[in-house]
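Undergrad: Turn this into a model:
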Amino acid sequence: MRQITVSHMDAGRRLDGFLQKTMPAAGLSFIYKMLRKKNITVNGKKTDGNYKLNEGDVISVFFSDETYEKMTGSSAKAAPGEVTGANIGINIIEYLEAYKKLGDIPIIYEDDDYIFADKPAGVLSQKANAADVSMNEWLVGKMLDDGSLDEKSLKTFKPAFANRLDRNTSGLILGGKSLKALQTLSALLKDRSMHKYYLCLASGKPDEKLPVDFEDFTDVYARMVKDHDRNVATIIPDNRKDDAGADTYDIHTGFRLVRTFTDDKGREYMLLEVLLHTGRSHQIRAQLGALGHPIAGDVKYGAEIEKNPDDRNGQLLHAYRVVFPESPDAGKMSGCEFKTALPLFADFSR
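TA: As a prediction, the model looks like this:
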């Protein structure tokens, strides 16, 4: 017999999904059969596959060692009744190396369930290719390093960040260290009840296309088509049909003027606060480019190739603030607000 104690990271997961991750070689029909025959129990009782796990639940698996190892895809033997990183085949080296490589990324907030970090420009939010190192690998490596995550827990749940920022966009990225926290973040992002604010340095000054002021947000609506193969978004007329092989979205963005300034080469800029109502990839960048006010350094959307005023390569766009809704759906984050330190380009423009 093997026993697995459910950690807070897996609380809220369905039993059948948990068992599928624990025993990837076992088919779902096999798992349901074992549940019906009480070869798998929870807290000593027969349980259905749709049971939602609680922290501290004890799952007992009445298999022979040979069967258990076959179902888990493991060749290493564990001590009787023990599930270890060795016998579930977890390779933690890549995570620890990612943590070491990316280093001490500023943490805005952290508890047992959540971690909010200030992602540097140039770092991926998530992998694009197998060899990439992203914030997700950094997070797992950090938790393995500080002991808040072990190999056994990693088999059934992998902590991750819920929102995604472009590689060269810096700022606030929201992570779930438990399944419940990650589900909460994902739901709030999906229903758009969480308010996300950015700062950016846009070229030019207010005009008819972007009549921003210092008081209120100016709402700008548009239709955007995203070409995933080329990884570029285009603002299109409302009456244009969708392009083949591309996705089309209605987007809504709020812009507020923070200050204007002119650099030593006579180029005019606006520091803008941006409220993202719809969270589409490249939304802010494409919209400002189409309005004739590309973000400084954002060559893809029309900016000059020359170096930015603060010498940073890439677009000067920073996610600096989030406000959670006052709602039971937000759990302990209800009504909370989090901010990063101001990016260098915001101070530079003073």
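
Undergrad: Do a quick rundown of the helices in this structure.
TA: Shown for the chain, the helices assigned by DSSP state H span residues 15-22, 28-36, 65-72, 85-88, 93-102, 135-146, 151-156, 179-191, 283-290, 344-348.

Undergrad: so of the ones you listed, which one's packed in deepest?
TA: Of all the helices of the chain, helix 283-290 carries the top mean neighbour count, a mean of 24, counting by mean count of other CB atoms under 10 Å. The C-beta positions use only the backbone N, C-alpha and C, and glycine is treated the same way.

Undergrad: contact partners of it?
TA: Helix 283-290 has contacts (CB atoms under 8 Å, 6 or more residues apart in numbering) with 166, 198, 200, 202, 210, 220, 222, 224, 232-235, 251, 253, 274, 276, 294-295, 298, 300-303, 315, 317.

Undergrad: Restricted to buried residues, select these in ChimeraX.
TA: With 16 or more other CB atoms under 10 Å as the criterion, this ChimeraX line picks the buried residues out of the contacts of helix 283-290:
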select :166,198,200,202,210,220,222,224,233,234,235,251,253,274,276,294,295,298,300,301,302,303,315,317
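
Undergrad: Spatially nearest residue to Leu257, not counting backbone neighbours?
TA: Leaving out its chain neighbours, the residue that sits closest to Leu257 by CB to CB, 6 or more residues apart in numbering is Val212, at 4.2 Å.

Undergrad: you'd agree that neighbour is up against Thr218?
TA: Yes: with contact defined as CB atoms under 8 Å, Val212 counts as touching Thr218 (5.0 Å).

Undergrad: and Asp250, how many residues sit next to it?
TA: 11 (other CB atoms under 10 Å).

Undergrad: Repeat that for Arg321.
TA: Neighbour count for Arg321, taken as other CB under 10 Å: 18.

Undergrad: Which elements pack onto the top strand by length along the chain?
TA: Taking DSSP state E as the criterion, the chain has its longest strand at strand 247-262. Helices and strands touching strand 247-262, by 3 or more CB pairs under 8 Å, 6 or more residues apart in numbering; DSSP states H and E, are strand 218-227, strand 268-276, helix 283-290.

Undergrad: Tell me which residues touch the residue nearest to Leu257, please.
TA: Pro206, Thr218, Phe255, Arg256, Leu257, Met270, Leu272.

Undergrad: Now for the fourth one, how many residues are close by?
TA: Residue neighbour count, defined by other CB under 10 Å, stands at 17 for Arg256.

Undergrad: before we move on, the earlier item: between Val212 and Thr218, which contacts overlap?
TA: Residues within reach of Val212 and of Thr218 at once, by CB under 8 Å, 6+ apart, are Phe255, Arg256.

Undergrad: how about low-confidence regions in the stretch 101-250 of the chain?
TA: Applying pLDDT under 70 to the stretch 101-250 of the chain flags the ranges 238-246.

Undergrad: hang on, Tyr320 packs against Leu199?
TA: Yes: if you go by CB under 8 Å, Tyr320 and Leu199 touch, sitting 5.2 Å apart.

Undergrad: ok, back up a step: quick check, nearest of the contacts of Val212 to Ile107?
TA: Nearest to Ile107 among these: Leu272, at 26.7 Å, using CB to CB.

Undergrad: Roughly how far does the closest one sit from Gly171?
TA: Relative to Gly171, Leu272 is positioned 14 Å away (CB to CB, to the nearest Å).
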